[in-house]
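K.L.:
Sharing a model that was predicted from the sequence below.
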Amino acid sequence: MNFAGAELADAALLGEVCAAVREVAARHVMPRFRNATHSRKEDGTLVTEADLETQAALVERLQALVAHPVLGEEMTPEEQGLQWDQGEDGLWCIDPIDGTSNFVRGVPYFAVSVALMRRGRSELGVVFAPLSDELFEARRGHGSFLNGERLGLGAPAPDLRGAMANVDFRRIPRSLGAALAVAPPYCSHRSLGAATLEWCYLAAGRLDIYVHGGQKLWDYAAGSLILEEAGGRLGTLKSDDFWAGAHWKRSVVAARHPALYDAWRGWLDAQAIASRPAA
C-alpha cells in the first residue's frame, strides 16, 4: 500500500475504532456502573468483572479490524511483554476502564482507552468517557477532536501563576511534592483518578499543566497523542523528549500550550536542582 492509501486506511480505521469503543462501553461498562463485583490485584489496585469483560470484548473487536497483537492492562506482565515483543509493526494498547476506583465508588470520572502503536509510538488514540458521552480522538499528523469538534490551542494560556494543574502527589518525588504543597507556582490543582482523561482535559483546555511520577503504557498511549495533536507539549521529569526512555512506565511533565510548558518545566527543573544534596 502506498502512502496515500495508508493515510486513507488509517482515517477509516480511526472511525471504526471510535464506533467499537462506544459499542463496547454501552454493552459492558455502563450496565456495571455502581454495580460491579471487584477484587484487588497483586499490586493493590482494583479490578472488576467489567474490566475483564470490556478487555475481552475490545480484543475481539480490535483484532477483527486489524489483527495486531493487543496489550491490555488486565493481562499478566508475561502476556503484556509477549504482546509488546510481537507488536513492533502494529500493537493495540488498551485500558478497558481507566479510573476503576471511581467506577466502583460511583464517581463519574472514568474512561475506555484504545491506542494503535507502531514502533513504540502512538499513531491513533481514542479515549471515551461514557457517562458524559465525550469521545476524544486523534490521528498522528491530523489533529485531535472531541465529539467531532477540533481541539486546539484556543484562548491564550494563562501565565503559570494562573494555571490549573493536575498533580499526582502519590508518585512524584517527595521533595517536589513538599514544594508544591507549601508554595505551588499555580493557582489550583486537581487529581481526578483517571490518567487517560487527564491528558484529554489538558487537550481540551480544562486543565493547563500536568505532572505525574510514573504512568504505565496504557495510561499514556492514547492520551499523550491526543494532547500532542491538540498542540500541547509533553516531556518527562528528566527529558523534554517524552518518547525517550523505558516504555512501560514514564513520568509526565505536560502543558496545553508550549509557552506554559516552558514556564512549568523551568520551575520543576529549579526544584530538582534545589533538592540535590550539597557537594
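P.N.:
That came through, no problem.
K.L.:
neighbours of Ser275, just the number please.
P.N.:
13 (other C-beta atoms under 10 Å). No exception for glycine: its C-beta is placed from N, CA and C like everyone else's.
K.L.:
measure it to Pro173 for me?
P.N.:
7 Å (C-beta to C-beta, to the nearest Å).
K.L.:
now Gln55
P.N.:
32 Å.
K.L.:
between the two, which one's more packed in?
P.N.:
Taking other C-beta under 10 Å, Gln55 and Pro173 do not tie; Gln55 has more neighbours (23 against 14).
K.L.:
could I have the helix or strand the more buried one falls within exported to PDB, CA atoms only?
P.N.:
Remark: Gln55 resides in helix 49-65, with elements defined by DSSP states H and E. What follows is helix 49-65, C-alpha atoms only, in PDB (Å, rounded to 0.1, in the frame of the first residue of the first chain):
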ATOM      1  CA  GLU A  49     -15.700  -8.000  36.200                       C
ATOM      2  CA  ALA A  50     -16.500  -5.100  33.900                       C
ATOM      3  CA  ASP A  51     -12.700  -4.500  33.400                       C
ATOM      4  CA  LEU A  52     -12.300  -8.100  32.300                       C
ATOM      5  CA  GLU A  53     -15.400  -8.300  30.100                       C
ATOM      6  CA  THR A  54     -14.600  -5.000  28.500                       C
ATOM      7  CA  GLN A  55     -11.000  -6.000  27.800                       C
ATOM      8  CA  ALA A  56     -12.100  -9.300  26.200                       C
ATOM      9  CA  ALA A  57     -14.700  -7.500  24.000                       C
ATOM     10  CA  LEU A  58     -12.200  -4.900  22.900                       C
ATOM     11  CA  VAL A  59      -9.600  -7.600  22.000                       C
ATOM     12  CA  GLU A  60     -12.200  -9.300  19.800                       C
ATOM     13  CA  ARG A  61     -13.400  -6.100  18.100                       C
ATOM     14  CA  LEU A  62     -10.000  -4.600  17.500                       C
ATOM     15  CA  GLN A  63      -8.500  -7.800  16.100                       C
ATOM     16  CA  ALA A  64     -11.500  -8.100  13.800                       C
ATOM     17  CA  LEU A  65     -10.500  -4.600  12.400                       C
END
